[in-house]
Structures are given as structure tokens and as C-alpha cells.
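Visitor: I would like to see how this sequence folds:
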Amino acid sequence: MLSDRTLNRTLLARQHLLARSRLTVHEMCDHLIGLQAQDSPPPFVGLWSRLVDFDPTVVSNALEDRSLARITLMRGTIHMVTPPDALRIAPHVQPELEKIPFRKGFNYGAMVGLDPDEVRAHGERVLGDEPMSAAELRLRAAELYPDRDPGAVVQTWLYQLPVLQTPPRGTWKNSSRPIWSRVEPWLGAPLDPSYPLAELLVRYLRAFGPASTMDMQTWSKLLGMKQAIDQLGDRVRTYTDERGRTLYDTADGELADPELPAPVRLLGWYDNAVLSHQDRTRIVPDGNAPRLRAFAAAVAPVLVDGYLAGLYKIFPESGTARLRISPTRKWTRAERAEVEAEAHALLAFMEADREPRVEILDVDADLRP
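Guide: Numbers count the residues shown, from 1 in each chain. This next block holds a predicted model:
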């Protein structure tokens, strides 16, 4: 049986959160199967937390030269991935994404009654081979569907077509509005539908395992986990966790010593280390999902002794940058000092031109000033 603490340290080791790594940015993106990039800053924080001497201009340059891409993938959210992953994961994700806009609950039924194939064909012609802003897409949608909400039509196209966000959005310090492109013309290569789901799950286990099939489904929002795992045969082995669930791991996967020390880490909001399991007790003490509504307001997790033990948010102001932290439990004096030091290091990275101010609040205090 694997204890929660063994699972915790193993996850942190595989996520490169026990010690910063000397992998390159591209190697880390490949290992993690992308970084959550729904907003622009989080992948930079995620890489800073995992890499030695991380230089954010490497990411900006990679987005510009197209050796990294920000594309809608797992869970229908933007991930920053290498081009091979963009081309081979998208075919797994697209069938599920394409179902979303024609459900009655999508934008109050805005697309109900339209032929999905016809809508997709219009979208392919409109988007073509050149990047296009959402505003331009809305104008074309209004011309083609004058009796429909043009915003809903554009959202439908962005679900139906494999698309990505092009620079400058997503580069260092740039949160400009998205410019969209179809994946294949931007990356200059066709999608690869031959990549087996089983191989994707092997990579998930190397970065997030051991894990249950429900954990895999939570991470990916794909179906068919058990059948894909069964195809791997003796390439995987099984464990049982403290709740009696069956966990899968690669046959050569190493488990971490549960007594390893875990340094304080400040992650980006939506970091996959916290969101990629159905049962999050390996990193969230009570197993509940972090407050996603708060994360959407740029609130992010603080890991203390390997577990989520606080939330933080940076408030840039004229001349200063305030990093406010709300612990979720009482910290020891040593833990508090380590959190404060890591917070100052993050401010030096994120807001180097502002005077840093770290404020550790009372347990469960409101982060808003």
C-alpha cells in the first residue's frame, strides 16, 4: 500500500518540485506534457519553480520561432507544449471539444438547430491559413449567421477547429488579446492521429503517477482510460493507496522516499501539479480541489512541506509589488521564514523593477488588500 506521503513526494519528484532541474525549457514542457497556460504568467511561474536559472526570454523566443505553442488541449484549456505534442494530442482532444457547442447548455442553446459540419466548414474558410483576432472572427460570424450571437459562433469555431494562440500573447509580460490560428498552417505540419492514447498515459504516469484511471481522466477529460492502460501490459504495474484504490505506474517508475524534505514552492495558478488528479489528497491535505474561482483571479498555491498550505496573489502597484499570502493552516516559525524567502525570490523574478513587499496574513484571511 502506498501512503499519501509517498505519493506526495513521488509527485513532487516527478514534477521537479523537490529540487530545481537543469532540463531545458523544451525538455521540461515535454516531460510535463505542457504547462497550463490559460493566462500568460502561470507557465513562467511554473518553469521558475522547476528550473535552475530560468530565463523567461527563452519562452518568448520559442513562441515566436514556433518551437513552443499555446494550444487548447487537456480539459479544454490552453497548454504550452512542444509542436509534436500539439500535433499528436489535439486529435485525441478534438472529438470531445467539438461536442460542447451544440449542447443545450452552451450559451443558452445559441447553436442548437445548426448543422455542426456546416458551421465547421464556415469556420475553416473564415480562419484560413492566417492568424485572426477574435474581433475579426466575430465580424465574419455576424455576416454568416446574422440571427445568432456572433460570440457564440466564434466560440464554436474555436472548439471545432484545432487552434492555437499566436504571439505576442503569452510572451513574457504580455497579456494582450488572443490572436488565433489553425494549428496546421502555424506549425507547418499535419495533425498526427496515429499517436496512441496508451503512450500518452505512460507519459502522464512519468510526470504525475502513480495514478488511478479516474485521475487520468480528470487530467485529460478523455474516455477509455482502462482500455488504454490494459494495452500496456507489463509496461505498467499496480499499487493500492490508503483508500483501497488501484493505482497504475510505469514498470520502471521509482517511488520517492516519503521522508525526503520538500522545499517551499509558489506555483502558478492552475498548475497541473495540483489539478491533475481526481483524488488530490497527495497534495491538498483535505483532498478538495483548490478554489478555482479564486484561481481565476490569479490566486495561486503555496506548497509547504509538499502540500498546499496557503494561497497567494501578487498586487503590482506604482513602484511596489505586494505579494500577499493567506495560509490555510498555522505555520511554524521556520516554515514562515522559508515562505517569506521564496516569496521575495518570486517577486525578484516577476516584478524586478518594483520594490518588493511580502505580507503573510492570518490563517484563511482574505487576500484582497
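Visitor: Model confidence score at the residue nearest to residue 120 when sequence neighbours are not counted, please.
Guide: Among residues not flanking residue 120 along the chain, residue 160 sits closest, at 4.5 Å (CB to CB, 6 or more residues apart in numbering). (C-beta placed from N, C-alpha, C; glycine too.) pLDDT, residue 160: 94.
Visitor: So which other helices or strands are in contact with the helix or strand where residue 154 lies?
Guide: For residue 154, the enclosing helix or strand under DSSP states H and E is helix 150-160. Using 3 or more CB pairs under 8 Å, 6 or more residues apart in numbering; DSSP states H and E, the elements in contact with helix 150-160 are helix 83-99, helix 116-127, helix 134-144.
Visitor: wait, what's in contact with the residue nearest to residue 120?
Guide: 97-98, 101, 116, 119-120, 123 (CB atoms under 8 Å, 6 or more residues apart in numbering).
Visitor: With residue 168 instead?
Guide: Each residue near residue 168 by CB under 8 Å, 6+ apart is listed here: 174, 176.
Visitor: Quick check: buried residues in stretch 3-10?
Guide: Residues 4-10 are the ones in stretch 3-10 that count as buried (16 or more other CB atoms under 10 Å).
Visitor: Grab the nearest non-local neighbour of residue 129.
Guide: residue 185 (4.0 Å).
Visitor: State the distance from that neighbour to residue 72.
Guide: 16 Å (CB to CB, to the nearest Å).
Visitor: Compare the two (neighbour count), which wins?
Guide: Neighbour totals were compared for residue 185 and residue 72, and residue 72 leads with 24 against 13 (other CB atoms under 10 Å).
Visitor: sorry, back to before: which element follows the helix holding residue 154 toward the C-terminus?
Guide: Criterion used, DSSP H and E; the element after helix 150-160 is strand 163-166.
Visitor: Give me the buried stretch members for that next one, please.
Guide: Applying 16+ other CB under 10 Å to strand 163-166 flags 163-166 as buried.
Visitor: ok, now stretch 208-218?
Guide: Those would be 208-213, 215-218, for stretch 208-218 by 16+ other CB under 10 Å.
Visitor: I'd like the distance from it to the chain centre, please.
Guide: 15 Å (CA atoms, centre = their mean, to the nearest Å).
Visitor: Report the contact partners of the nearest residue in space to residue 152 that is not next to it in sequence.
Guide: Nearest non-adjacent residue to residue 152, counting by CB to CB, 6+ apart: residue 110, 3.7 Å away. By CB under 8 Å, 6+ apart, residue 110 lies in contact with 148-149, 152-153.
Visitor: Pretty sure residue 315 is one of the things residue 358 touches, is it not?
Guide: No: the criterion here is CB atoms under 8 Å, and residue 358 misses it with residue 315 at 11.5 Å.
Visitor: what do those two both touch?
Guide: Contacts common to residue 358 and residue 315, judged by CB under 8 Å, 6+ apart, are 322-323.
Visitor: which of the residues in the helix holding residue 154 are buried?
Guide: Buried-residue list, helix 150-160, by 16+ other CB under 10 Å: 150, 152-160.
Visitor: can I get those in CSV with distance to residue 129?
Guide: Below are the buried residues of helix 150-160 laid out as CSV (distance: CB to CB, whole Å):
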residue, distance to residue 129
150, 22
152, 24
153, 20
154, 18
155, 21
156, 20
157, 15
158, 16
159, 20
160, 17
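Visitor: With respect to residue 86, which of those is nearest?
Guide: Checking the buried residues of helix 150-160 against residue 86 with CB to CB, the nearest one is residue 158 at 15.1 Å.
Visitor: what number of residues lie near the residue nearest to that closest one when sequence neighbours are not counted?
Guide: Once flanking residues are discounted, residue 158 sits nearest to residue 180: 6.5 Å by CB to CB, 6+ apart. Neighbours of residue 180 under the rule other CB under 10 Å: 22.
Visitor: cool, and residue 145?
Guide: With other CB under 10 Å as criterion, residue 145 counts 18.
Visitor: sorry, back to before: nearest to residue 21, of the buried residues of stretch 208-218?
Guide: Looking across these and measuring by CB to CB, the closest to residue 21 is residue 208, at 16.0 Å.
Visitor: quick one: contacts for the residue nearest to that closest one when sequence neighbours are not counted?
Guide: Of all residues not flanking residue 208 in the chain, residue 276 sits nearest, at 5.2 Å (CB to CB, 6+ apart). By CB under 8 Å, 6+ apart, residue 276 lies in contact with 204, 208, 215, 218-219.
Visitor: Got the confidence number for residue 276?
Guide: For residue 276, the model assigns a pLDDT of 96.
Visitor: Also the one 3 residues further on?
Guide: Taken from the predicted model, the pLDDT recorded for residue 279 is 93.
Visitor: What of residue 193?
Guide: pLDDT, residue 193: 96.
Visitor: Now the phi/psi pair for it, please.
Guide: phi -80, psi 0 (degrees, to the nearest 10).
Visitor: How many residues are close by the nearest residue to residue 15 once chain neighbours are set aside?
Guide: Nearest non-adjacent residue to residue 15, counting by CB to CB, 6+ apart: residue 273, 4.8 Å away. If you count neighbours by other CB under 10 Å, residue 273 ends up with 27.
Visitor: pretty sure residue 273 contacts residue 17?
Guide: Yes: between residue 273 and residue 17 there is a contact under CB under 8 Å: 6.5 Å.
Visitor: now residue 134: how far from residue 177?
Guide: 7 Å.
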